[in-house]
Structure formats: C-alpha cells, structure tokens
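**Student:** sharing a model that was predicted from the sequence below.
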Amino acid sequence: MAKVVLGFASSHGPTIKTLPGEWESIVERDKKDPRYDYAELLRNASPTIAQEITLQKKQERYDRCQVAIKKLSGVVAQSAPDVAVVVSNPHGILPDDPLTVFGVFSG
C-alpha cells in the first residue's frame with residue numbers, strides 16, 4: 001500500500017523562472033492572447049498598479065519565489081519519495097484546442 005509522504009500545491013506563472021527584466025515580453029504575448037481582453041483588464045486594474053509593477057517590485061517578488069523554491073526543494077529531498085505524481089495543466093492551450101485541460105504525470 002502506498003503512503004503519501006508529502007503534498008503541496010502552487011499557483012503557477014511563467015514569472016517563477018523568467019527573469020523580471022523579461023516579464024514585459026509576457027505582457028506583450030498576453031496582449032495578443034484571445035482569452036484576455038487586455039483593455040478591460042486595464043480598466044479594472046487598481047489605480048496603484050503602476051507602483052506594483054516596477055522592476056524593483058518584480059525583482060523582490062522573483063527573489064522571494066526563488067528562496068521558497070529552494071526551501072521546497074529541500075523539503076522534497078528530505079521526504080525521499082519513491083514516486084512523484086504531478087498534476088498540472090498543459091501549457092499553451094487555446095480555447096479551441098482539443099487537448100484536455102489537466103494532465104497527470106508520474107515519474
């Protein structure tokens with residue numbers, strides 16, 4: 001019988017590994033994504049959004065993410081699992097894509 005030794009979850013974004021100086025390229029890609037109404041998002045954004053997306057703020061958030069990932073890596077190593085099951089969404093899926101929204105990887 002299997003024994004679950006660890007479980008965790010994370011929200012995901014390309015900003016987890018993409019350097020903060022490159023985040024603007026993600027914005028440009030998102031502006032072209034048919035799933036988003038970028039003009040509507042801007043209209044509904046907080047009036048203080050500009051203060052939250054400075055390069056300094058992005059770098060602070062990125063740095064905190066990297067510290068947390070390193071800590072989590074140690075927790076996973078310490079738990080010494082025999083198998084890891086990862087539940088994730090396939091990336092790059094557009095609304096008319098016939099692929100499933102979620103996949104399960106075991107490895």
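**Tutor:** Looks like it arrived, so ask away.
**Student:** now Lys57: how far from Ala80?
**Tutor:** 37 Å (C-beta to C-beta, to the nearest Å). To be clear about C-beta, it is placed using only N, CA and C from the backbone, and glycine gets the same treatment.
**Student:** now Glu60
**Tutor:** Counting by C-beta to C-beta, the gap from Glu60 to Ala80 is 33 Å.
**Student:** before we move on, which element is Val86 in?
**Tutor:** Per DSSP states H and E, Val86 falls inside strand 85-88.
**Student:** what sits up against the host helix or strand of Val67?
**Tutor:** Val67 belongs to helix 55-79 when elements are defined using DSSP H and E. Outside of helix 55-79, the residues within contact range by C-beta atoms under 8 Å, 6 or more residues apart in numbering are Val5, Leu6, Phe8, Thr15, Ile16, Leu19, Pro20, Gly21, Trp23, Gln51, Ala84.
**Student:** need the max-distance pair from those.
**Tutor:** Largest separation among these by C-beta to C-beta: Val5 and Gln51, giving 41.9 Å.
**Student:** ok, back up a step: packing partners of the strand holding Val86?
**Tutor:** strand 103-106 (3 or more C-beta pairs under 8 Å, 6 or more residues apart in numbering; DSSP states H and E).
**Student:** if we can go back for a sec, neighbour count: Lys57 and Ala80, which is higher?
**Tutor:** Lys57 (12 against 8; other C-beta atoms under 10 Å).
**Student:** now the more buried one: how far from Ile49?
**Tutor:** As judged by C-beta to C-beta, Lys57 and Ile49 stand 11 Å apart.
**Student:** circling back: show the buried residues in the contacts of helix 55-79.
**Tutor:** Neighbour-count burial (16 or more other C-beta atoms under 10 Å) applied to those gives Pro20, Trp23.
**Student:** show me the contacts of helix 55-79 that map onto helices.
**Tutor:** Trp23, Gln51 (DSSP state H).
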